[in-house]
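Asks: return a 3D structure for these sequence lines:
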Amino acid sequence: MRRWTVYHVDFEAGGNSPLLTEIGSVEADNLLAAVMKAQALWPDEMSMTVRPAREDSQSAQPAAPPRDTD
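Replies: Reported below is the predicted structural model:
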């Protein structure tokens, strides 16, 4: 099992670079399972991303996903 960090993505706050706010973490074997667990834990969260958890808690904020402009 691997730990995954779940972030809320705020496209309005960051302009071209969305702001990510950590909302929790899940443990799962792969990304798909992590996303499914995150959706089950935070069903009202409409804008989230899941990333592999970092060992270094002092690390910088991860890069936000690109905004879909279509």
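
Asks: switch to C-alpha atoms for all contacts and neighbour counts from now on
Replies: OK.

Asks: what's the distance between residue 31 and residue 6?
Replies: 11 Å (Cα to Cα, to the nearest Å).

Asks: give the residues shared as contacts by those two.
Replies: Jointly contacting residue 31 and residue 6 under the rule Cα atoms under 8 Å, 6 or more residues apart in numbering are residue 50.

Asks: neighbour count for the two, which is higher?
Replies: residue 6 (24 against 16; other Cα atoms under 10 Å).

Asks: now do the contacts for the more buried one.
Replies: By Cα under 8 Å, 6+ apart, the residues touching residue 6 are 22, 23, 24, 25, 26, 38, 48, 49, 50, 51.

Asks: ok, residue 12 next?
Replies: Contacts of residue 12 (Cα under 8 Å, 6+ apart): residue 18.

Asks: that one looks like it's in a strand, true?
Replies: No - per DSSP: H, G, I helix; E, B strand; the rest coil, residue 12 lies outside any strand segment and is coil.
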